[in-house]
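**Student:** Make a model of this:
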Amino acid sequence: MRIKKYKNNQYVTTDEIWIRNPFKESKAVDINFLGKEEINIFIKNEEQNIRSSYIEMDKMEEFSMDNIIIVSDGYNWKEKQLILADLPNSDVKIIGVNGSLSQWNMVGKEAVKKRVMAFYIINNPYSESMRFLPKKHSYYPNIVSSTRTYSPFLKEYKTQPYLYRPTPDVNYSGLGDVGMTLDDYRNPICAAISFAVRRKAKKILLFCCDEAFEEKRPGSIEMKNGLYQYPQQVMCQNIIDKQCYWLKKNAIEIKDCSYGIKYENIEYINFENITDFFKKD
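**Tutor:** The predicted model follows:
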């Protein structure tokens, strides 16, 4: 494992991506270089989002978030999400990412079980993010968004977003003066983990945070559980794993209940053991 320091920050690497230690009391710097095309897309979105006078994330009301579940629309999500309704609302907060909100089946009169998200987090800068908007329901939980999120998505969203700025790159710090930063590595799960650290979470569960599928596709790789993922999805999991290396070293418990590759720094638990994980010590 390679660890290095830069301007009082500390980093561990995976797949040549450097993952910052968020617990170091220093000015955050992302030492992974952005491409010129990426920066042009970010600038376009930032200009629109900052001009819209959305709320800065550091102005968010403080409340307890000791226990957090981060949910995505991974393999078997539509069925497995109903498990979450049986967890105590007051003790366990749910943060949604990716397509988990558009496929949320626990609101409305027709819902067999009911549960709400505390937050939905997004940092997708592309038009594909529009498919994450609710379609079958009009449920819009509080939203935390990167300044670089695709601006039409935020205009369409029915709740005013709280904005954060991704940790500044050594070559590009972003537009405007949005105060609070998150280490998001252009991945919403990473953003949600960073947000959980900011909210002083003690226990974090990744729930259906995978992109696994059943049939082999060109370029996909088979995992030990018989499902498949693409190599870029494995790389994203490696980034999450190294991000949680720092959490593990700082006594934050984090577990995974998903169908992707098994992590080194996150223990896998079965779906039936989720309640036990969140029981008070």
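**Student:** Residue 191 falls within a strand, correct?
**Tutor:** No. With DSSP: H, G, I helix; E, B strand; the rest coil as the criterion, residue 191 is located in helix rather than a strand.
**Student:** Tell me the spacing between it and residue 214.
**Tutor:** With the distance defined as CB to CB, to the nearest Å, residue 191 ends up 28 Å from residue 214. (Glycine included, C-beta is placed from N, CA and C.)
**Student:** and those two? which has more neighbours close in?
**Tutor:** residue 191 (25 against 9; other CB atoms under 10 Å).
**Student:** That one: what's it in contact with?
**Tutor:** Residues in contact with residue 191, defined by CB atoms under 8 Å, 6 or more residues apart in numbering, are 97, 121, 123, 144, 146, 164, 182, 184.
**Student:** name the element the nearest residue to residue 21 once chain neighbours are set aside belongs to?
**Tutor:** Of all residues not flanking residue 21 in the chain, residue 10 sits nearest, at 4.1 Å (CB to CB, 6 or more residues apart in numbering). Taking DSSP states H and E as the criterion, residue 10 maps to strand 9-14.
**Student:** Packing partners of that strand?
**Tutor:** Applying 3 or more CB pairs under 8 Å, 6 or more residues apart in numbering; DSSP states H and E, one finds that strand 9-14 contacts strand 3-6, strand 17-20, helix 231-249.
**Student:** at 6 Å what do you get?
**Tutor:** On a contact count with 3 or more CB pairs under 6 Å, 6 or more residues apart in numbering; DSSP states H and E, strand 9-14 meets strand 17-20, helix 231-249.
**Student:** so the longest one versus strand 9-14, what angle?
**Tutor:** Compare the direction of helix 231-249 with that of strand 9-14 by axes from the mean of the first three to the mean of the last three CA atoms, to 10 degrees and you get 140 degrees.
**Student:** Check which helices and strands helix 231-249 sits against.
**Tutor:** Using 3+ CB pairs under 6 Å, 6+ apart as the contact test, the elements touching helix 231-249 are strand 9-14, strand 17-20, helix 188-198.
**Student:** how about 8 Å then?
**Tutor:** The elements that helix 231-249 packs onto, with contact taken as 3+ CB pairs under 8 Å, 6+ apart, are strand 9-14, strand 17-20, helix 188-198, strand 253-257.
**Student:** Okay, buried residues for it please.
**Tutor:** Going by neighbour count (16 or more other CB atoms under 10 Å), the buried part of helix 231-249 is 233, 236-247.
**Student:** Also stretch 43-50?
**Tutor:** Neighbour-count burial for stretch 43-50, counted by 16+ other CB under 10 Å, picks out 45-46, 48-50.
**Student:** would you list the helices and strands packed on strand 9-14 in a markdown table and tack on mean pLDDT and distance to residue 82?
**Tutor:** Shown next, in a markdown table, are these (pLDDT from 0 to 100; distance: least, CB to CB, whole Å):
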| stretch | mean pLDDT | distance to residue 82 |
| --- | --- | --- |
| strand 17-20 | 96 | 33 |
| helix 231-249 | 97 | 25 |
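**Student:** Mind putting the ones you listed into JSON lines with distance to residue 268?
**Tutor:** JSON lines is the format used below for the helices and strands packed on strand 9-14 (distance: least, CB to CB, whole Å):
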{"stretch": "strand 17-20", "distance to residue 268": "20"}
{"stretch": "helix 231-249", "distance to residue 268": "12"}
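**Student:** List of residues touching stretch 239-252?
**Tutor:** So stretch 239-252 is in contact with 12-15, 17, 19-23, 183, 185, 187, 189-190, 193-194, 197, 201-204, 206, 209, 254, 263-266, going by CB under 8 Å, 6+ apart.
**Student:** hmm, 7 Å instead?
**Tutor:** When contacts are defined by CB atoms under 7 Å, 6 or more residues apart in numbering, stretch 239-252 is touched by residues 12, 14, 17, 19, 21-23, 185, 187, 189-190, 193, 197, 201-202, 204, 254, 263-266.
**Student:** Could you say which of the helices and strands packed on helix 231-249 is packed most deeply?
**Tutor:** helix 188-198 (a mean of 25; mean count of other CB atoms under 10 Å).
**Student:** Pull up the pairing partners for the following helix or strand past it, direction included.
**Tutor:** Using DSSP H and E, the helix or strand that follows helix 188-198 towards the C-terminus is strand 203-207. In the sheet containing strand 203-207, the strands it pairs with under DSSP bridges are strand 67-71 (parallel), strand 253-257 (parallel).
**Student:** Perfect, I'm done here.
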